[in-house]
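> everything below, folded, please.
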Amino acid sequence: MRNSKLVLLVDDDLGFQEIVSTKLKRSGFLVAEAHDGKEAIEKCNILNPDLVLMDVNMPKENGTEAVMDLSKKREVPIKVVFLTSMNNPWPGLQEGDALKVAQGLGSAGFLNKSEDIDILIEKIKDYLK
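Presented below is the predicted three-dimensional model:
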C-alpha cells in the first residue's frame, strides 16, 4: 500500500510535464508520466493512480478519447482531471457547459495549464482530498 498519492501526468509537452512533475514530487506526491492517451490507459491499468491529469490535445489518442475509454473499460473508476492550455477545452461551449461535458465524459473537471504553477498544485491537491 502506498503512503503517498500517485498522480499520473499525461502530456505530450515534455517541458511542461517536467515542471509539473518536479513540483508535484516536491509536494510529496508520487508521479508517473505518459505522453499520449494510449500510454495513459496502459499505465492506469498497471499503476491504478489516485489521480490522472490528462492533457486534451495529444497525438495517438487525445485526452477526450482516453477519458471515455477509461470510464468505459474500468470496473474501479479513476479520478481524471483534464489539463489544458485552453480556457475552454471544447470551443463553442461556455465554461459551465464545458465542465458538464468534462464530467459527462467521466472526468472530475479541468484545470488550465497556464495558471500559476503553485495555484495549479493547490488545485490538484484539492482534487485528491
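> against Asn48, how distant is the nearest residue to Phe16 once chain neighbours are set aside?
Distances taken as Cβ to Cβ, 6 or more residues apart in numbering put Lys113 closest to Phe16, at 6.3 Å, once the chain neighbours are dropped. Quick note: C-beta positions are derived from backbone N, CA and C, even for glycine. Using Cβ to Cβ, to the nearest Å, Lys113 is found at 25 Å from Asn48.
> neighbour-wise, which of the two wins?
Lys113 (19 against 13; other Cβ atoms under 10 Å).
> who's in contact with the more buried one?
Listed by Cβ atoms under 8 Å, 6 or more residues apart in numbering, the contact set of Lys113 reads 16, 55, 83-85, 120.
> identify the farthest-apart pair in those residues.
Asp55 and Leu120 (13.2 Å; Cβ to Cβ).
> any low-confidence regions in the chain?
The model of the chain has pLDDT under 70 over residues 1, 74-76, 86-99, 101-102, 105-106.
> how far off centre is the lengthiest helix in it?
Longest helix in the chain by number of residues (criterion: DSSP state H): helix 14-26. Relative to the mean C-alpha coordinate of its chain, helix 14-26 is positioned 13 Å out (Cα atoms, centre = their mean, to the nearest Å).
> in that helix, what's buried?
16-17, 20-21, 23-24 (16 or more other Cβ atoms under 10 Å).
> before I go, just wanted to say thanks for your time.
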